[in-house]
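**Student:** coords please:
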Amino acid sequence: KYGDKVYGYYLLNARTTEWFSMNYEKPSQFVFDDVKEKKLSFNIPSDEQIEVDSNRILLNKDKDFDLIEYRKYLSNYKSDFILDLAKSVKNITERRKLVGLYYGYSTEMDVTGFINHGNIEFNKVFESDDVDIIISPISYKGRDLSMATMPMLTYSSITERNKIYYLEFDHVTYCAKLCPVPGFSDRAASLQDSIDYTYREFSHFIVNGNSYFWFDMFEGWYYDDKLMDVIKKQIDISKNLINNKMASVSEVAEIIDADSFYYLNKNNELFTGSLSNQRQSLALTGAPYNCYSSHDLEKCLDEKIKFILFSNQVCINKEQSKIIEQLKKQEKTLCFVYAPGYIENGNTSLENMNKTLSMNLAKQKFEDTICLTNGEEIHVCESAPYPYENYSACGDETRRAARSTCRREPSARPEARRSPPTGAASPGSSSPSRR
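**Tutor:** Residues are numbered from 1 along each chain as shown. This is a model prediction of the structure:
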C-alpha cells in the first residue's frame, strides 16, 4: 500500500533484533533432527566437548573434529537463513528495495559471546548481492569521551563492495531519562558532552563514506533545541558531501579472519584481547585505520597501506599466503598475533607458520612451563605439560596456584631471557628486519 514511501526492509530477529542467540552452541531438537536426516559427517558434541578447558587456546582437528564441524554447521545454518529471507524480499519487491540487518559484530564481543551467537559466517552475508545495508551501533566499549570511536565489525569490507554501513548513534544524551540500556552508565553529563559525542562519531564515519543515524531509543534523548541544531548542521554537511567521492587515506589496516574463529577455544580470552580490547589503543594512536575481512586481504596491496595488523589469523590458506608474500616484497610492516598460519586446511602446519613469518621455527618439548613474569625474570612453573596449541600464560586465572610453586631460574642468564614461552616455536636464523 505504501510501497512508494518505503526505501528498504530490515531483517530483525533474535535478541535485541541483532541476530544474537545467547548460547547457539547448546544443541536443540532441530539440530538433532537435521543431523540425523542429512546424515552429516559429525556427531553432535556433548556439553563437555563444547565447553573446552580454558587452558587450551586452539582447537585440534583430530581431538575436536565434531565441535569444529558443529560450529560450521550452526553458523552456516544461520547465515543461509538470513540470505533466504533477503532473497525473498528482493524477489517480492522485484529488487527495487534495499535489504539490511544488524549483524556480524566480530570485533565488539569477547570470543565466547561471538562464537556462542553463531555469526561466524559474516562474510557470506556481507558479500551477498541480496544484502545492501549492514547496521551496528557504535562500540559500547568506547562510550567515554576520553576514548575513541571503535567500529564493531569489518566495515571497510562492506564499503569496498559499494554497500551501506549504517552506523547507529545511540549514545545516551544528557536529556535521557533513566532506562536500563547498554551504555547508560556512560550517559553524557551535559549538553556540551552530548554535542561532543555526536561530533566525535560523525567525524569518524563521514570521512569513511559511511552512513549515520541518531537513535532516539525511548524518546526524549534529543529534547533540546541546541542539540537538534547541531544535528541539523551535521545533516547539511552530509548533503554537501554526498556527491563527493569519499576515499580512505588510512595507512593502517586491521585484518579479521572468520575461519579462524572455528579453531579458537571460546573459553580462553587470548583473542578477546587482540580482537576487541586492543581497538582502543589502535584508535588512540591518532592514525585512521581500515578494518577488513581476510577475504579482502588484497586491498592491503594498495601503496597507501604501510602497516597491517592480523588480529586472529591462525588460519591462512594458499591464496592468502600468496598475498602475504606480495606484502612482504612491498616491504610493508606485518604484525601477527599468536600463531599465524599454524592451521592450514584444518591441520596444524609448522611449515606454513615458518613461511608466514619468514623464520625457522620448531616445537619445544619439555615438561615444565617457562614463564616471563615481568619482562625480565624467567622462571619455570612445575605444572602439567602444555603442547603448542594449548599454551596459556602463567598469569591465567586457572593457573595462579601453579605460580606459587614456580622454581626460579637465574634472571641474569642471557639465554634464559631469550627463552620462548611454553611450547612456542623458537626462532631460527632468518628473520627479515621489517617483519
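
**Student:** low-confidence stretches in the chain?
**Tutor:** The model of the chain has pLDDT under 70 over residues 1, 365-435.

**Student:** neighbours of the closest residue to Asp257 other than its chain neighbours, just the number please.
**Tutor:** Leaving aside its sequence neighbours, Asp257 sits nearest to Ser294 (Cβ to Cβ, 6 or more residues apart in numbering; 4.1 Å). Using the backbone N, CA and C atoms, a C-beta is placed for each residue, glycine as well. Using other Cβ atoms under 10 Å, the number of residues around Ser294 comes to 24.

**Student:** next one: Leu12
**Tutor:** Using other Cβ under 10 Å, Leu12 has 12 other residues around it.

**Student:** and for Ile138?
**Tutor:** Ile138 has 24 nearby residues by other Cβ under 10 Å.

**Student:** what do you get for Phe184?
**Tutor:** Counted with other Cβ under 10 Å, Phe184 comes out at 12.

**Student:** now Gln29
**Tutor:** Gln29: 7 neighbours (other Cβ under 10 Å).

**Student:** so Ser54 makes contact with Leu270?
**Tutor:** No. Counting by Cβ atoms under 8 Å, Ser54 sits too far from Leu270 to count as a contact (10.1 Å).

**Student:** tally of neighbours for the closest residue to Tyr10 other than its chain neighbours?
**Tutor:** Spatially, and ignoring its direct neighbours in sequence, Tyr10 is nearest to Gly100 (5.3 Å; Cβ to Cβ, 6+ apart). The number of residues packed around Gly100, counting by other Cβ under 10 Å, is 21.

**Student:** what strand or helix carries Gly100?
**Tutor:** Taking DSSP states H and E as the definition, Gly100 sits inside strand 98-102.

**Student:** just checking, what packs against that strand?
**Tutor:** strand 8-10, helix 65-92, strand 133-137, strand 164-169 (3 or more Cβ pairs under 8 Å, 6 or more residues apart in numbering; DSSP states H and E).

**Student:** now with 6 Å, please.
**Tutor:** strand 8-10, strand 133-137 (3 or more Cβ pairs under 6 Å, 6 or more residues apart in numbering; DSSP states H and E).

**Student:** what comes into contact with that strand?
**Tutor:** Tyr7, Gly8, Tyr9, Tyr10, Leu11, Glu18, Ala86, Val89, Val131, Asp132, Ile133, Ile135 (Cβ atoms under 6 Å, 6 or more residues apart in numbering).

**Student:** can I get the residues you listed in JSON lines including neighbour count and distance to Leu58?
**Tutor:** Below are those laid out as JSON lines (neighbours: other Cβ atoms under 10 Å; distance: Cβ to Cβ, whole Å):
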{"residue": "Tyr7", "neighbour count": "11", "distance to Leu58": "44"}
{"residue": "Gly8", "neighbour count": "14", "distance to Leu58": "40"}
{"residue": "Tyr9", "neighbour count": "19", "distance to Leu58": "40"}
{"residue": "Tyr10", "neighbour count": "15", "distance to Leu58": "36"}
{"residue": "Leu11", "neighbour count": "21", "distance to Leu58": "33"}
{"residue": "Glu18", "neighbour count": "18", "distance to Leu58": "28"}
{"residue": "Ala86", "neighbour count": "21", "distance to Leu58": "33"}
{"residue": "Val89", "neighbour count": "18", "distance to Leu58": "39"}
{"residue": "Val131", "neighbour count": "27", "distance to Leu58": "31"}
{"residue": "Asp132", "neighbour count": "21", "distance to Leu58": "36"}
{"residue": "Ile133", "neighbour count": "20", "distance to Leu58": "35"}
{"residue": "Ile135", "neighbour count": "20", "distance to Leu58": "32"}
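
**Student:** closest one of those to Ser211?
**Tutor:** When the contacts of strand 98-102 are compared for distance to Ser211 (Cβ to Cβ), Ile133 wins out at 8.0 Å.

**Student:** just to revisit the earlier point, wait, the residue nearest to Asp257 sits on Ile255?
**Tutor:** Yes. Counting by Cβ atoms under 6 Å, Ile255 is a contact partner of Ser294 at 5.3 Å.

**Student:** got phi/psi on the residue nearest to Ile343 when sequence neighbours are not counted?
**Tutor:** Nearest residue to Ile343, sequence neighbours excluded (Cβ to Cβ, 6+ apart): Cys315, at 4.7 Å. Taking degrees, to the nearest 10, you get phi -100, psi 130 for the backbone angles of Cys315.

**Student:** what about the strands in the stretch 251-400 of the chain?
**Tutor:** With strands called from DSSP state E, counting those that start in this stretch, the stretch 251-400 of the chain shows them at 252-256, 289-293, 307-310, 333-336, 343-344, 347-348, 369-372, 378-381.

**Student:** and Ile115, which of these is closest to it?
**Tutor:** strand 252-256 (13.8 Å).

**Student:** could you give the angle of that closest one to strand 289-293?
**Tutor:** 30 degrees (axes from the mean of the first three to the mean of the last three Cα atoms, to 10 degrees).

**Student:** for strand 252-256, buried residues please.
**Tutor:** Neighbour counts over strand 252-256 (16 or more other Cβ atoms under 10 Å) mark Val252, Ala253, Glu254, Ile255, Ile256 as buried.

**Student:** residue contacts, the third one?
**Tutor:** With contact taken as Cβ under 6 Å, 6+ apart, Glu254 is in contact with Tyr289, Cys291, Leu309, Ser311.

**Student:** who's the third one bridged to?
**Tutor:** Beta-bridge pairing of Leu309 under DSSP bridges involves Glu254, Cys335.

**Student:** and it, how many residues sit next to it?
**Tutor:** 20.

**Student:** pretty sure it sits against Leu334.
**Tutor:** No. Between Leu309 and Leu334 there is no contact, the gap being 8.4 Å when judged by Cβ under 6 Å.

**Student:** distance-wise, check Asp196 relative to Tyr222.
**Tutor:** 15 Å (Cβ to Cβ, to the nearest Å).

**Student:** those two: which has the busier surroundings?
**Tutor:** Tyr222 (18 against 14).

**Student:** give the contact list for the more buried one.
**Tutor:** Per Cβ under 6 Å, 6+ apart, neighbours of Tyr222: Asp216, Met228.

**Student:** ok, it to Arg200 distance?
**Tutor:** Distance from Tyr222 to Arg200, by Cβ to Cβ: 17 Å.
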